[in-house]
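Novice: Build me a model:
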Amino acid sequence: MHRFSFLIFALLILPPAAIGEEPFAPDRPNFLLIVADDLCWRDFGFVGNPDVKTPSIDRLAAEGITLGGMFSPATTCSPSRHALYTGLYCVRAGAYPNHTQAYEGTRSIFTHLKEAGYRVGLQGKQHVGPPETFPYEHLRNPDDLAATREFIRRDASQPWLLVYASNDPHAPWTRGPKDLYDPAKLTIPPYLHDNETTRRQLAAYYAEITKLDQQVGSLMRLLDEAEQADDTLVLFLSEQGSSFPYGGKWLMYDNGIRITAVARWPGKVEAGAESDALMQYVDVAPTFLAAAGVDPATIDTGCPDAAGDRGFDGRSFLDVLLGKSDRLRDYVFVQHTTVGIIGYKEPYPMRAVRDARYKLIRNLAPQNTYSIRYIHEVQPLKSWQEDARNDPQLAARVEWLFHRPADELYDLKSDPYETKNLADDPAMSEIKARLNQQLDAWMAQQGDEGMETELNAKSRQGRGRNREDSKSKSQ
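Specialist: Now for the predicted structure:
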């Protein structure tokens, strides 16, 4: 019904308690947001990985649109998820170290859609806080399909948002069909060092990716069984990269910050479509609201930026989904905070800006040693260090994980694995200056004071108030 017609109907027919309630519009979609846990964007069959088996996600991509320009604004789980749900970059929202929480009063997509009449839930990994900012119903076990089925079928008259937050393929890679992967037969990605330890761990990692793929297949079958597939906008996100050295997590390289994103919305999104429009996690919340008929520009996020603006940092990419546009952003931005990560030794803050071709990384404390437990003190890096004793090239790659210069500049078109730092190349001076200007402006808008912000990180960690899983898979 049109809103005017509904109001006349309400005044004449409905009891007083119902007047003013948001009506359910039949064309408002359900939302199923599927979030992986530490998965490199390259590790899918349809993206081109020759070994990993992801038939369900490959099928989802064939039935929807692949968003090749999606990026995370952070390189660890908790800041990434806060940005995804709030539509705000991490420093502005106060949620920038790992195991973090947003400022009191910040509101999320759960808040906004709940106010619009949606039922909102999250199944699986939480890792966000405080609870008041994320008022979802929690379905704890991501493998409990009975709970999933009950949630999506509970009330046919009410649209819903369900975030399905898997624990896979987060290390230590103990789940999934390991018999599918023979370590000796794997093709080792060029950013990894090929040895027995790497192969064994890569096989275990791929098994957990297949476990995730099986979960995605189960979710799609549930939608079919409930006859809700045509009414549901599904968005799959790979999250920041794996915890292999150079696998992406904790680093600003594309293996970590680039996201495999696939959206399916039958009858609205063209099957098999592709877009390289630059976008970020912060754009998801405004997009969902726009699809639900809520103008994102009217939203008060509860958290002002440095200029006092309380709107989203994100912007809707609904027109990209609907094939009306192939452009959203000119730049994407990323931050990484090391203070507070388990096993960190010295502050090593990082900031980055990327356009469609070039990336500038700013390491704010290059004089320090970057060292955290989950890269530098575990396998496979220890085996790489052993091999590096007789391999100068490998030794240099290992050393880069501990020490990097103040500035890094990469041409992603000619150097997709970011191995040639062009920051000191005079021919790149104009590009470097342009990206520096953009990064400075973004940090100012966020209230990001660099090292001072880094050193204040522990005040933003909220383990006691963070809606975190009891499982150990939460680094």
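Novice: what bits of the protein have low per-residue confidence?
Specialist: Confidence mapping of the chain against pLDDT under 70 gives the ranges 1-26, 463-475.
Novice: Contacts only, for Ala261.
Specialist: Shown in contact with Ala261 (C-beta atoms under 8 Å, 6 or more residues apart in numbering): Thr66, Leu67, Gly68, Met70, Leu235, Phe236, Leu237, Ser238. C-beta: built from backbone N, CA, C; applies to glycine.
Novice: can I assume the first one is in contact with Arg264?
Specialist: No: here Thr66 lies out of contact with Arg264, judged by C-beta atoms under 8 Å, at a distance of 10.4 Å.
Novice: quick revisit: and the furthest pair within the contacts of Ala261?
Specialist: Gly68 and Leu235 (14.3 Å; C-beta to C-beta).
Novice: For those two, indicate the residue with more neighbours.
Specialist: Just comparing Gly68 and Leu235: by other C-beta atoms under 10 Å the higher neighbour count belongs to Leu235, 23 against 17.
Novice: Who does the more buried one form a beta bridge with?
Specialist: Beta-bridge partners recorded for Leu235 (DSSP bridges): Leu33, Ala263.
Novice: Quick check: strands, which of the contacts of Ala261 are part of them?
Specialist: Thr66, Leu67, Met70, Leu235, Phe236, Leu237 (DSSP state E).
Novice: okay if I get the residues you listed as a markdown table plus distance to Gln446?
Specialist: Putting the ones in strands among the contacts of Ala261 into a markdown table (distance: C-beta to C-beta, whole Å) gives the following:
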| residue | distance to Gln446 |
| --- | --- |
| Thr66 | 29 |
| Leu67 | 24 |
| Met70 | 20 |
| Leu235 | 25 |
| Phe236 | 28 |
| Leu237 | 22 |
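Novice: dump the residue contacts of the closest residue in space to Ala74 that isn't next to it in sequence.
Specialist: Using C-beta to C-beta, 6 or more residues apart in numbering and skipping residues adjacent in sequence, the residue nearest Ala74 is Ser80, 4.7 Å away. Residues counted as contacts of Ser80 (C-beta under 8 Å, 6+ apart) are Ser72, Pro73, Ala74, Glu239, Gln240, Tyr281.
Novice: so is Ser80 in a helix, a strand, or just coil?
Specialist: The three-state assignment at Ser80 reads helix, by DSSP: H, G, I helix; E, B strand; the rest coil.
Novice: quick one: it from Asp58, how far?
Specialist: 24 Å (C-beta to C-beta, to the nearest Å).
Novice: For Gln135, what are phi and psi?
Specialist: For residue 135 the amino acid is Pro, not Gln. In terms of degrees, to the nearest 10, the main-chain angles of Pro135 are phi -80, psi 60.
Novice: So that it lines up with my notes, have the first residue be 50 from now on.
Specialist: Noted, 50 is the first residue going forward, which turns the last one into Pro184.
Novice: related to what we said a few turns ago, so which of the contacts of Ala310 is surrounded by the most neighbours?
Specialist: Top of the contacts of Ala310 by neighbour count (other C-beta under 10 Å): Ser287, with 30 neighbours.
Novice: Would you check that it makes contact with Ala85?
Specialist: Yes: under the criterion of C-beta under 8 Å, Ser287 makes contact with Ala85 at 5.0 Å.
Novice: ok, the ones in strands among the contacts of Ala310 vs Ala455, which is closest?
Specialist: Met119 (28.2 Å).
Novice: now that closest one: how far from Val140?
Specialist: Distance from Met119 to Val140, counting by C-beta to C-beta: 20 Å.
Novice: ok, now Gln175?
Specialist: According to C-beta to C-beta, Gln175 and Val140 sit 21 Å apart.
Novice: So for the two, which sits in the more crowded spot?
Specialist: Shown here are Gln175 and Val140; by other C-beta under 10 Å, Val140 has more neighbours (27 against 22).
Novice: pretty sure the more buried one is in a helix, no?
Specialist: Yes: counting by three-state DSSP, Val140 is part of a helix.
Novice: Was I right to think it contacts Thr502?
Specialist: Yes: look at Val140 against Thr502 with C-beta under 8 Å: they come within range, at 6.1 Å.
Novice: what touches both of those two?
Specialist: Residues touching both Val140 and Thr502 (C-beta under 8 Å, 6+ apart): Gly496.
Novice: And stretch 195-202, what's buried?
Specialist: Under the neighbour-count criterion of 16 or more other C-beta atoms under 10 Å, stretch 195-202 has Thr197, Phe200, Ile201 buried.
Novice: Closest one of those residues to Leu409?
Specialist: Nearest to Leu409, judged by C-beta to C-beta, of those is Thr197 at 42.0 Å.
Novice: what's in contact with the host helix or strand of that closest one?
Specialist: Following DSSP states H and E, one finds Thr197 within helix 194-202. Helix 194-202 is touched from outside by 79, 168, 170, 172, 186, 188, 190, 209, 211, 213, 267-268, 271-272, 274-275, 277, with contacts defined as C-beta under 8 Å, 6+ apart.
Novice: Please state the offset of it from the chain centre?
Specialist: 24 Å (C-alpha atoms, centre = their mean, to the nearest Å).
Novice: How about stretch 207-215?
Specialist: Distance of stretch 207-215 from the chain centroid (C-alpha atoms, centre = their mean) equals 16 Å.
Novice: Which residues outside that stretch are in contact with it?
Specialist: Applying C-beta under 8 Å, 6+ apart, the external contacts of stretch 207-215 come out as 73, 77-86, 130, 134, 158-159, 162, 166-175, 185, 191, 197, 200-201, 203, 261, 264, 268, 337, 341.
Novice: do that again at 7 Å, thanks
Specialist: Contacts with stretch 207-215, where a contact means C-beta atoms under 7 Å, 6 or more residues apart in numbering, come from 73, 77-86, 158, 162, 166-174, 191, 200-201, 261, 264, 268.
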